[in-house]
Each structure stands twice: as C-alpha cells, then as structure tokens.
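K.L.:
Predicted structure and sequence below. I'll ask about it afterward.
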Amino acid sequence: MKNDTNHDEGPLIGSEVQENDHKEDPNNKKIDALILALAEEKKRSAEYLNRLQYLQADFDNYRKRVDRQIDDARKSSNERLIISLLDVMDELDLAIKNAKDDKCADTLTEGVEMTLKRLRKVLEVEGLAPIISIGKHFDPAFHSVACTLFDGDAEEGTVLEELRKGYMLNNKVIRPSMVKISVKKNPDNKCNNDQEVKNNE
C-alpha cells in the first residue's frame, strides 16, 4: 500500500517541473529586449561617429583650401603692388641719373615731382586717400595734435597747419594727420621746432 502511494506522487512532481520549464520568465524577456536595444544603439552610435569623422575630414580639407586661397590672393595682391612700385623706383633712378648728368637741381626736382605724382596714383588705386585737415575742426579720429597756436581770428580747435599728412586706406584711418590747432587763449607751451620734433618722436 505504501509503495503504491509513492508511485503515484512521482509522476505528479515531474509533470509540474516540466510545466514550469515551458513558462517564460518575464525578467528574461526584459533582459533580452534591453540587450537587443543596446546592440541597436551601439550600431547607431558607430554610424554617427563614422559620419562625424567624414564631416570633420571634409571641414579640415575645406579650411586648408580656404587658407591656401587667402594666401594666394595675398601674394598676388602684393606682387601687383610691388610691380607698380618697381616702375616708380625706375623713374626715381632715372630722375637722379639725369640730374647728375645735367648737374641741374631743377631737373631733379621735376623728376621727383613726376615720380611722386605717379606713386600717389599707384597708392590711390590700392585705396589710399589723404586726410584733408587744414581749415577743418579738430577730430581725434583723424588728427593728432602736435601743438596749439593762439589765433584770434580762427575758431578754437581749427586745424591751422599740417605737420605730417594723414592717410586712410579703404575708409579706415591708418595714420592720423599731425596738426597744429588754434586756441583763443595764448597757450603756455608755444609751438617751436624743438617741441615739434619732440611731438613727432
């Protein structure tokens, strides 16, 4: 009787174990989904990194190409200006040679004046323009005061004399004019050659 009872319980337990093996564990299912999602994200990240590396290489090539173009443009511009200035140098050499041959100061003066006129034209083409100062009211953006002069007739702050011409390049001041300006009261410091030299330094 006892053996029959044990015999009946054995198959029952085995069938429960077999049935549990066939059941899906929810945790395992979630883990599998996470592993799959992680693999997809790794693949996507690798693709993004690959695209980024291509974009970086393209940008580096573009930057190098632009740098070369800027450098070529600068060299070309300098070459054009220097060729123009070489002509001016030739004219100066010729003026000096003719003055020595003729032993005449007038010939030298005339040659230098013509050369200076040509030089100004070359620089004008490059965008250089003189600052008009005399008779204008003092403007610190365009003028540098060397000294002041008492002048009862001129309005205070008027530019009376230009000691060194100022210039603009493409509408930008590259050298302000050094000037003397008028004041209504007699200044303590008078304009003289020593002061002008000091201010020019």
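P.N.:
Good, I have the coordinates. Residues are numbered from 1 along each chain as shown.
K.L.:
quick one: contacts for residue 108?
P.N.:
Residue 108 makes contact with 95-96, 98-99, according to Cβ atoms under 8 Å, 6 or more residues apart in numbering. Every C-beta, even on glycine, is put in place using the N, C-alpha and C of the backbone.
K.L.:
Give me the buried subset of the residues you listed.
P.N.:
The neighbour-count test (16 or more other Cβ atoms under 10 Å) marks 95, 99 as buried among the contacts of residue 108.
K.L.:
Tabulate the contacts of residue 108 in a markdown table, adding columns for secondary structure, pLDDT and distance to residue 51.
P.N.:
Below are the contacts of residue 108 laid out as a markdown table (DSSP: H, G, I helix; E, B strand; the rest coil; pLDDT from 0 to 100; distance: Cβ to Cβ, whole Å):
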| residue | secondary structure | pLDDT | distance to residue 51 |
| --- | --- | --- | --- |
| 95 | helix | 78 | 66 |
| 96 | helix | 78 | 67 |
| 98 | helix | 77 | 71 |
| 99 | helix | 74 | 72 |
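K.L.:
can you name the two of the contacts of residue 108 that are farthest apart?
P.N.:
The largest separation in these, counting by Cβ to Cβ, is between 96 and 98 at 7.5 Å.
K.L.:
any residues in contact with both of those two?
P.N.:
Jointly contacting residue 96 and residue 98 under the rule Cβ under 8 Å, 6+ apart are 108, 111.
K.L.:
how about the residue nearest the centre of the chain, secondary structure?
P.N.:
Closest to where the C-alpha atoms of the chain average out (Cα atoms, centre = their mean) is residue 70, at 11.4 Å. Three-state assignment for residue 70 (DSSP: H, G, I helix; E, B strand; the rest coil): helix.
K.L.:
quick one: it and residue 77, what's the gap?
P.N.:
Here the criterion is Cβ to Cβ, to the nearest Å. By it, residue 70 lies 11 Å from residue 77.
K.L.:
which residues in this protein form helices?
P.N.:
All helices of the chain, identified by DSSP state H, fall at 2-22, 26-102, 105-125, 193-200.
K.L.:
which one of those lies closest to residue 169?
P.N.:
helix 105-125 (8.9 Å).
K.L.:
Run the angle between the closest one and helix 26-102 for me.
P.N.:
Helix 105-125 runs at 160 degrees relative to helix 26-102, counting by axes from the mean of the first three to the mean of the last three Cα atoms, to 10 degrees.
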